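Q: Need a 3D model of the following:
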Amino acid sequence: YVYPLINSIYTISDRDSELFREYFPECRIKQVGDTKFDQVLIRKEEAIKKNVIPEFWHINSSIIVFGSIWPEDLDIIKPIIQKIHSKNKDWKFILVPHDPNGKIIHLIFQAIGKENSILFSDLDIIDTQRVLVVDAIGVLADLYKYAKIAYVGGGFKQGIHNVMEPAVYGIPVIYGPVIENASEAVRLNKLGGSYVVHSTDEFERYITSLINDKTLREHVGKKANSFAKKNTGTTNILIDDWKQYI
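A: Sure, this is the predicted structure:
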C-alpha cells in the first residue's frame, strides 16, 4: 500500500521495470540504471593517479588480478596458477583475499610456493617473485588497472563480488556461477564481456585462451568496457529528475 504514495520508482534493469509495472501499474516507473557504475568510474579516475605497486614490478609485465578470493575460489584456481606460473614466465599474479587473514594467506603460500610469492606489506624487499599476495584491505579497486585479465571471487561461495571494478578497465573478467545476487554480472556475461566458470577445467580453458590469444583478450575486454560505459550517467539522470521536487 506504500508504493502508490511514491512519486517515482527508479529501476536499474528491464526486468525490474517489468516487475514493478506488473505489481504497481499506477506508479511512475523510470529505468535509469545503477549508480554503482558511476562510483566505479570515479574510483577508476582516482586509481589512475596512484602508484599502488612499484613500477619496476609491473612494467613490461602481463598481470592477472584475482580479486576478493575465498578458499572456495582458491580450490578452483590454484592448480592453474601453478601451471601458468611455470609455463608463462612473462605473466605475474596479484592475489587479493576477500578477508586477508592468516589462514587464506597460508593457503596461497602453500599452493603457489612461498619462495615465489611476496606480501603486499613487504613490497620494499621484493626480488624476483612473480606472485603478489595482498594482505591489506581497500586497495583492490586500485590494483585492477595493472591487469590484462581479472578473476573476481565469491562466485563459488555466497555470491559474486563487484565485477564492474575490473570491467571498467576494458579487460576480460572471469568468475564463478553464483551470480544471482548481481544483475551486472549476469548482463556482462550475456554481452560477452566475461566468462562464468563451474570447474577447474573450465577455468583453465578460458584463462589459457585469454593468455595465448591477445586478439581474443582485447575483443572480450572491449565488450566489458562498452558495457561499463553504456551504464554510466545514472547519477546525473537522477539529479535532473529530482529538480522538480526541490
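
Q: quick one, what contacts the most centrally placed residue in the chain?
A: Nearest residue to the geometric centre of the chain (CA atoms, centre = their mean): Val163, 3.3 Å. Each residue near Val163 by CB atoms under 8 Å, 6 or more residues apart in numbering is listed here: 152, 173, 175, 182, 184-185, 188, 194. The way it works is simple: take the backbone N, C-alpha and C, and place the C-beta from them, glycine included.

Q: So which of these sit within strands?
A: In strands, judged by DSSP state E, the following of these are found: 152, 173, 175, 194.

Q: Mind putting those into JSON lines with pLDDT and distance to Cys27?
A: Putting these into JSON lines (pLDDT from 0 to 100; distance: CB to CB, whole Å) gives the following:
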{"residue": "Val152", "pLDDT": "98", "distance to Cys27": "34"}
{"residue": "Val173", "pLDDT": "98", "distance to Cys27": "35"}
{"residue": "Tyr175", "pLDDT": "98", "distance to Cys27": "34"}
{"residue": "Ser194", "pLDDT": "98", "distance to Cys27": "33"}
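
Q: With neighbour count and distance to Gln158 added, can I get the residues you listed in JSON lines?
A: As requested, the ones in strands among the contacts of Val163 are exported to JSON lines (neighbours: other CB atoms under 10 Å; distance: CB to CB, whole Å):
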{"residue": "Val152", "neighbour count": "30", "distance to Gln158": "13"}
{"residue": "Val173", "neighbour count": "29", "distance to Gln158": "19"}
{"residue": "Tyr175", "neighbour count": "29", "distance to Gln158": "13"}
{"residue": "Ser194", "neighbour count": "29", "distance to Gln158": "19"}
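
Q: helices or strands up against the helix or strand where Leu41 lies?
A: When elements are assigned from DSSP states H and E, Leu41 belongs to helix 35-48. Taking 3 or more CB pairs under 8 Å, 6 or more residues apart in numbering; DSSP states H and E as contact, the helices and strands that helix 35-48 lies on are helix 140-143, helix 164-167, helix 214-230, helix 234-242.

Q: Go through these and name the closest to Lys36.
A: If you check each of those against Lys36 by CB to CB, helix 164-167 wins as the nearest, at 6.4 Å.

Q: could the contacts of Val163 be laid out in JSON lines, adding distance to Phe93?
A: Formatted as JSON lines, the contacts of Val163 follow (distance: CB to CB, whole Å):
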{"residue": "Val152", "distance to Phe93": "15"}
{"residue": "Val173", "distance to Phe93": "16"}
{"residue": "Tyr175", "distance to Phe93": "17"}
{"residue": "Ala182", "distance to Phe93": "24"}
{"residue": "Glu184", "distance to Phe93": "25"}
{"residue": "Ala185", "distance to Phe93": "22"}
{"residue": "Leu188", "distance to Phe93": "23"}
{"residue": "Ser194", "distance to Phe93": "19"}
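
Q: for those, which one is nearest Leu41?
A: Within the set of the contacts of Val163, Glu184 lies nearest Leu41; the separation is 13.3 Å, counting by CB to CB.

Q: How many residues are close by the residue lying closest to that closest one once chain neighbours are set aside?
A: In this structure, Glu184 finds its nearest non-sequential neighbour in Met164, 5.7 Å apart by CB to CB, 6 or more residues apart in numbering. Close neighbours of Met164, defined as other CB atoms under 10 Å, add up to 26.

Q: re earlier: so of the helices and strands packed on helix 35-48, which one's packed in deepest?
A: Each of the helices and strands packed on helix 35-48 was scored by mean neighbour count; the highest is helix 164-167, a mean of 28, by mean count of other CB atoms under 10 Å.

Q: packing partners for that helix?
A: Taking 3+ CB pairs under 8 Å, 6+ apart as contact, the helices and strands that helix 164-167 lies on are helix 35-48, strand 62-69, strand 149-152, helix 183-190, helix 214-230.

Q: so which of these comes closest to Gln129?
A: Once the helices and strands packed on helix 164-167 are compared by CB to CB, strand 62-69 is nearest, at 13.0 Å.
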